[in-house]
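>>> structure for the following, please:
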Amino acid sequence: MIKKQENKTQRELQHGITSIPNEENPTEDKTVDEKRIEREENDILKSLKTFKPLVSVKDRAKDITYTESMKTSWRPPLYIRERDEKDNQKIRNQMNIIVDGDDTPPPITTFKEMKIPRSIIQVLDKKGIKKPSPIQMQGLPVVLSGRDMIGIAYTGSGKTLVFTLPMVLFALEEEKKLPIIQGEGPFGLILSPSRELARQTYDLVNSFTDSLAKDGFPKLRTLLAIGGIDMREQEQVFRKGIHMIVATPGRLLELLQKKKINFNLCKYLGLDEADRLIDFGFEDDIRSVLDHFTNQRQTLLFSATMPKKIQEFARSALVLPVEVNVGRAGAANLNVTQEVEFVKPEAKIVYLLECLQKTPPPVLIFCENKKDVDDIYEYLLLKQVEAVSIHGDKSQEEREGAIKAFREGKKDVLVATDVASKGLDFPDIQHVINFDMPREIENYIHRIGRTGRRGNKGVATTFINKTNTESLLLDLKYLLIEAKQKVPPALLEIPDDNQYLQKLQDLPKPCEYCDGRGHRLVNCPKLKKTSRSKKRNFSVLGGGDWVKNKYVYFLNHI
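Numbering: from 1, shown residues only. Next up, the predicted model:
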């Protein structure tokens, strides 16, 4: 009898049905172990919050705390300002927009009502953007009003426009007040985690500034500061002054240290893929950059994934922030059909050809390591598939050439490591294939977000096998259930404590650190990995008593 019930449960889950009776756990009383785990998790979260706030060295030295948002000249039309808050909330509910913050500006449903210049609206029209997406409806009014913001929305939702367009308009307003001269600037800065994403953002900014210049507005100059570019080629930009910078942290710090630029006029900071930038790998770089600011700034953080720990850390950089959330943070795009298949390692490369037949091109193939990228690329060429590839060992010129050929439709397939998944916008991708399941569920969300963009439908195929950890596969299992996707038998067979789910809202709460649902914070693989890394760093640097006082619980309990 029990066996039949289990089989029925598996069939229901496999077809996206989540209304399952909880016969094994009739009581909801917390056990002693559960209470102990909750206490441990609270202690870990407290230790994670001991990081210094993200403020400049000048503000720390003078103990300056800003209590008001930046002021701007932008105002929504009078009839929108006078609109009843119930009507504003009705629009948000219709668009699945969740806001958190005091005095949130009203959502606006057209670019014209946002008072966007006609020349920029023409650029958007050419890109097929006729009306704002939900994140743009609420996010643009928030940013244009001068408010700090945390923007959370699924990949492909149009987040990039929310932090690039206001920066261009702010720089234009400042230039019209008092033209910039040699050695001055920038007015605005956008930080990106990868060269490819930075270049994509830079190209979008330039499309706006070029269109404005054609309509008689002042010419705004933007600097792209990334590795692989000879800065001597951009000396002309330095000589005339810089209005805006799009950069990766490493190259930007190099320019600051060489005193090529300064932030004396900079009052606008956007962090793209903020979860990656603010996480431990970029923490010191972000702090070093912020140390060079001399005035209050408007700070924006955007990403598809924003675990609670990262949100709280980010809030230390913000003043009266507004959080705009379209769909749950860390959830997958519902426009993507996710197909997960168990494939033995030795059979993957052959099965790959069969998967390519599911949809017409263009197709993105993601791999965990560079060797697999090279092997797949060579295999596809042998099979007469029009393919290109990118990974970290290729030169900047090779990477940009491959992306350009793929974007222009000259090549049908792009094979890449995760470097290409960090926010790159290929609007017409039909199919994403994960040759390897990434090590963290966040990367999986970023990867499959390359398809199903701008309201289009897409397919994501993922190969799993026994090399993947149970914790990761449980994260994937609950992500599929939440997105009402088919769950394969290989995932249903994994034992876990949440096997009998009563309804969708009874899904396990996300891990506070990485947003995965397949494990608790005390067992978070990403947190353990980070802890081991920090232990090594503290050991090398001689952490001493400071480590014991600040991180003793964090380091000893992970």
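>>> model confidence for S207, exactly?
On the pLDDT scale, S207 is placed at 96.
>>> look up phi and psi at it.
Here is the backbone geometry of S207 (degrees, to the nearest 10): phi -60, psi -30.
>>> so after the host helix or strand of V205, what's the next helix or strand?
According to DSSP states H and E, V205 maps onto helix 195-214. Sequence-wise, the next helix or strand downstream of helix 195-214 (DSSP H and E) is strand 222-225.
>>> what's next to that next one, contact-wise?
186, 198-199, 202, 205-206, 209, 231, 234, 237-238, 242-248, 251-252, 255, 261 (CB atoms under 8 Å, 6 or more residues apart in numbering). For every residue, glycine as well, the C-beta is placed using N, CA and C.
>>> from those residues, which land in strands?
Residues of these located in strands (DSSP state E): M244, I245, V246, A247.
>>> in stretch 433-445, which residues are buried?
Of the residues in stretch 433-445, 433-445 count as buried by neighbour count, 16 or more other CB atoms under 10 Å.
>>> show me the residues you listed that map onto strands.
Using DSSP E, the buried residues of stretch 433-445 in strands are I433, N434.
>>> would TSV of the buried residues of stretch 433-445 with distance to P166 and pLDDT be doable?
Below are those laid out as TSV (distance: CB to CB, whole Å; pLDDT from 0 to 100):
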residue	distance to P166	pLDDT
I433	36	96
N434	34	96
F435	38	96
D436	38	93
M437	37	93
P438	32	90
R439	35	87
E440	31	84
I441	31	86
E442	27	80
N443	29	83
Y444	31	88
I445	26	84
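>>> show me which of the buried residues of stretch 433-445 is closest to I129.
Nearest to I129 among the buried residues of stretch 433-445 is I445, at 23.0 Å by CB to CB.
>>> how much space between that closest one and D275?
The gap separating I445 from D275 is 10 Å, by CB to CB, to the nearest Å.
>>> name the residues contacting each of the two.
Contact criterion CB under 8 Å, 6+ apart; residues shared by I445 and D275: T305.
>>> quick check: end-to-end length of stretch 73-86?
With CA to CA, to the nearest Å as the measure, stretch 73-86 spans 26 Å from end to end.
>>> give me the contact list for that stretch.
P105, P106, I108, E113, M114, K115, P141, L144, S145, G146, L169, E173.
>>> what strand or helix carries the residue nearest to L212 when sequence neighbours are not counted?
Nearest non-adjacent residue to L212, counting by CB to CB, 6 or more residues apart in numbering: S119, 5.3 Å away. Here S119 sits within helix 118-126, counting by DSSP H and E.
>>> tell me the mean pLDDT over that helix?
95.
>>> for stretch 482-497, same thing?
Mean pLDDT, stretch 482-497: 83.
>>> now it: buried residues?
E482, A483, Q485, V487, P488, A490, L491, L492.
>>> just those residues: which are in helices?
Counting by DSSP state H, those place E482, A490, L491, L492 in helices.
>>> just put those residues in a markdown table and tack on distance to P134.
Output for those, formatted as a markdown table (distance: CB to CB, whole Å):
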| residue | distance to P134 |
| --- | --- |
| E482 | 19 |
| A490 | 35 |
| L491 | 30 |
| L492 | 33 |
